[in-house]
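> generate coordinates for the sequence data below:
(chains A and B)
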Amino acid sequence: MTTSLNRDANLVEDVGFAEPPPKLAHYTWLQSAWRELRRAPLTARFGLIVILLYILTALFAPLIAPYPETEIVGGAYEGWGKQFILGTDQLGRDMLSRLIYGARNTIGIAFVTTMLAFLLGGALGILASVLRGWVDEVLGRFVDVLMAIPQLIFALVLLSIVGTSVVNLVLIIAVLDSTRVFRLSRAVAVNVAVMDFVEAARLQGEKLGWIMSREILPNILPPLVAEFGLRFCFVFLTVSALSFLGVGMQPPTADWGSMVRENATLITYGDITPLLPAGAIALLTVAVNFVVDWFLHKTSGLRNEP
Amino acid sequence: MNAIVATVLKRLGLGVVTLFVVSIIISLAIEMLPGDFAKSMLGQAATPETVAALRKDIGLDRPLAVRYFDWISGVVRGDFGYSLAGAGSLGGSRRPVADLIKPRLANTLFLAAVTAIIAVPLALILGMLGALYRNSLFDRIVNVVTLTSISSPEFFVAYILMLFLAIKLPIFHSLANVSPDTPFFERLGRIALPSLTLVLVIIAHMMRMTRAAIINLLGSPYIEMARLKGISPARIIYHHALPNAWAPIANVIAINLAYLIVGVVVVEVVFTYPGIGQLMVDAVSKRDLPVVQGCALIFAGTYILLNLIADIVSIVTNPRLLHPR
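The predicted model follows:
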């Protein structure tokens, strides 16, 4: 939680631009990032622009939105028009404003959740790869069991126990999702942990924390960054699905999943308004997928297939 | 042959152990309930007596192990306990969970079966074509379409289909409300849209995974060797590639059928189809724990079973797996 200021910057940097290759050392970081970007395929550029737009919308939601998030400003289900560009929802709140605030809430929650999942899963994964032995064994078996239950079902069980709230939602999804991060980071880190420089650091008497964060982490970063994009999509879809089912984010918070659910009756009258939040979810996921594809292609032959 | 049997038995044993551990986790769920659960269930009007009665009813006054064995031995006999709906009210008109689940499980299985029958062959064929004609126009179009379909939430696909195929063009029923005495063909017509939604989502996943698996296989050195020897393409596919392709294909099918049982939850809610997924979601928002447990056990059991079957198929069809290094 302490690094929340750096986080946004890190996301853009990590997902958006490939690390400059060392041989281009005489270029500044920005220059080589720009070079890479100009050579990027159309899909990746499209993805980056979309992601950027979403981030801007999320950050400046109060400035862009014409009406406040939860205020009732008109009649229920008003059509598209001058006063309410996209009409109003089932209580008479402005649809466009809620769509804009929804970017903030939905993306924010998904991002925090993914971040937590990576902190937890990544740390445990590297720990298991360094210590091996019983720690590795216990963590591995535990993750096996957690993964034996479908994630959505497990989340539903846990939510019915602890009740539905945003904090519960974030924690549950983060823990369930960290299992995948654990598997990946352990698998990659195991290969690094046996290398000579790690052994050297150990003999030098470096502490466990140093070895994990300074020796191993930088060497397994590219696959983790790509995985971050994919896991973000997955978390984003799961959170939206749970909200859509009515057990995720609770009213009156504007959230894309629950907005679809609340206004779904409009579909039966041939109105496409409820599809907009769902489309917003789909567009962001597609964009992230495009960028991740490109990043994977650039950094390593680890996974050629998306 | 003995080695194969031994490996299969080992895998079966592992599956049973996993199922056992999962059942423990699901039943332990009640243990993690916050202390004021009974009170919040019963609402403001609860007297201390009714709260105590409910706690006793759920079994919170008995030791953990006893409760687990009561529950699991009931489950084995098909008794999942009683729904909490209406708990606390006198007279006790509560329904057994098994009675709630049974008709809905049949509905869900029907939906899943129809979906699988359509989706599996179609996805496998598309995936193989994609792998064989890699980077062709066909491959690229399918790639973009499937990526978009994977990235969309199920309810997006579902509502788009509903909007265009049931409302703008009234071809199908927009809601899939069936009752136990709906005739078979009527039933098929009503689940057309939910199963079409699931088919689209499943095909996208499955086709991409099949394509990746086949490409991976065709790139391996022994296939290149066979090709360089001048063996005909058909023989390469049937005699060299296919025996090794069963394992990945079985895996792809199992993973996607497992995915199907999760996708079913959202789709059932969209089309108000009386299946087990909708039952579970309702129970979660009412915090009706026995029902949630029952549904979760069924979902988890199916999931584990599918993975088990995939592993066994891989073992039986791929002799190399018998000698792990």
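
> hmm, residue B:275 and residue B:177 touching each other?
No. Checked against Cβ atoms under 8 Å, the pair residue B:177 and residue B:275 is beyond contact range at 11.3 Å. C-beta here means a position set from N, CA and C on the backbone, and glycine is covered the same way.

> okay, those two: which has more neighbours?
The neighbour comparison of residue B:177 against residue B:275 (other Cβ atoms under 10 Å in any protein chain shown) goes to residue B:275, with 28 against 11.

> may I have the phi/psi pair for the closest residue to that one other than its chain neighbours?
Ranked by Cβ to Cβ, 6 or more residues apart in numbering or on different chains and with sequence neighbours excluded, the top spatial neighbour of residue B:275 is residue B:108, at 3.7 Å. The phi/psi pair for residue B:108 (degrees, to the nearest 10) reads phi -60, psi -40.

> which residues touch residue B:108?
B:264, B:268, B:275, B:276, B:277 (Cβ atoms under 8 Å, 6 or more residues apart in numbering or on different chains).

> cool, and residue A:215?
Residues near residue A:215 by Cβ under 8 Å, 6+ apart: A:192, A:197, A:198, A:201, A:206.

> so where is chain A shaky, pLDDT-wise?
A:1-27, A:299-306 (pLDDT under 70).

> from the contact counts, what lies against the lengthiest helix in it?
Criterion DSSP state H: the longest helix present in chain A is helix A:166-193. Applying 3 or more Cβ pairs under 8 Å, 6 or more residues apart in numbering or on different chains; DSSP states H and E, one finds that helix A:166-193 makes contact with helix A:108-131, helix A:133-147, helix A:151-162, helix A:221-244.

> identify whichever of the ones you listed lies nearest to chain B.
For these, the distance to chain B is smallest for helix A:151-162, at 4.2 Å, taking Cβ to the nearest Cβ.

> which residues are in contact with the closest one?
Taking Cβ under 8 Å, 6+ apart as the rule, helix A:151-162 contacts A:146, A:168-169, A:172-173, A:176-177, A:238, A:241-242, A:247, B:26, B:29-30, B:32-34, B:262, B:265, B:280-281, B:283-284, B:287-289, B:292-293, B:295-296, B:299-300, B:303.

> show me which of the residues you listed are buried.
Buried subset of these (neighbour count, 16 or more other Cβ atoms under 10 Å in any protein chain shown): A:146, A:168-169, A:172-173, A:176-177, A:238, A:241-242, A:247, B:26, B:29-30, B:33, B:262, B:265, B:280-281, B:283-284, B:287-289, B:292-293, B:295-296, B:299-300, B:303.

> who's in contact with the residue nearest in space to the middle of chain B?
For chain B, the residue nearest the mean C-alpha position is residue B:261 (2.1 Å; Cα atoms, centre = their mean). Residues in contact with residue B:261 (Cβ under 8 Å, 6+ apart) are A:150, B:112, B:299, B:302, B:303.

> repeat that with 10 Å
Applying Cβ atoms under 10 Å, 6 or more residues apart in numbering or on different chains, one finds that residue B:261 lies in contact with A:150, A:152-153, B:108-109, B:112, B:276-277, B:298-300, B:302-303, B:306.

> okay, helices next: where are they in the stretch 1-150 of chain B?
With helices called from DSSP state H, counting those that start in this stretch, the stretch 1-150 of chain B shows them at B:2-28, B:37-42, B:48-58, B:64-76, B:97-132, B:137-151.

> separation between the residue nearest to residue B:240 when sequence neighbours are not counted and residue B:131?
In space, and not counting its chain neighbours, residue B:240 is closest to residue B:226: 5.0 Å by Cβ to Cβ, 6+ apart. Note on residue B:226: its distance to residue B:131, by Cβ to Cβ, to the nearest Å, is 17 Å.

> so residue B:240 makes contact with residue B:227?
Yes. In this structure residue B:240 lies within contact range of residue B:227 using Cβ atoms under 10 Å: 9.1 Å.

> what do those two both touch?
Going by Cβ under 10 Å, 6+ apart, residues that sit against residue B:240 and also against residue B:227 are residue B:218.

> ok, those two, which is more surrounded?
residue B:240 (19 against 14).

> can you classify the more buried one by secondary structure?
With DSSP: H, G, I helix; E, B strand; the rest coil as the basis, residue B:240 sits in helix.

> how many residues are close by the closest residue to residue A:208 other than its chain neighbours?
The shortest distance from residue A:208 to any non-neighbouring residue, by Cβ to Cβ, 6+ apart, is to residue A:130 (6.8 Å). If you count neighbours by other Cβ under 10 Å, residue A:130 ends up with 21.

> now do the same contact list for residue A:130.
Contacts of residue A:130 by Cβ under 10 Å, 6+ apart are A:136, A:186, A:189-190, A:192-193, A:198, A:202, A:208, A:211-212, A:215-216.

> buried stuff in the longest helix of chain A?
Going by neighbour count (16+ other Cβ under 10 Å), the buried part of helix A:166-193 is A:166, A:168-170, A:172-186, A:188-190, A:192-193.

> low pLDDT regions in the stretch 201-325 of chain B?
Looking at the stretch 201-325 of chain B by pLDDT under 70, you get B:318-325.

> any idea how many residues pack against residue B:99?
11.

> surely residue A:187 touches residue A:126?
No. Shown here, residue A:187 and residue A:126 do not form a contact pair, counting by Cβ under 10 Å, at 11.1 Å.

> A helix includes residue A:79, no?
No. Under three-state DSSP, residue A:79 falls outside any helix and is assigned coil.

> could you find the closest non-adjacent residue to residue A:253?
residue A:105 (5.6 Å).

> got the contact list for that neighbour?
Residue A:105 neighbours (Cβ under 10 Å, 6+ apart): A:58, A:61, A:69, A:98, A:166, A:239, A:243, A:249, A:253-256, A:258.

> how does it look with 8 Å?
A:249, A:253, A:254, A:255.

> quick check, residue A:127 in contact with residue A:135.
Yes. Applying Cβ under 8 Å as the test, residue A:127 and residue A:135 come out as touching, 6.8 Å apart.

> so these two - more neighbours on which side?
Using other Cβ under 10 Å as the criterion, residue A:127 and residue A:135 rank with residue A:127 on top: 20 against 14.

> quick one: that one from residue B:122, how far?
44 Å.

> what's the answer for residue B:65, then?
Residue B:65 is 49 Å from residue B:122, by Cβ to Cβ.
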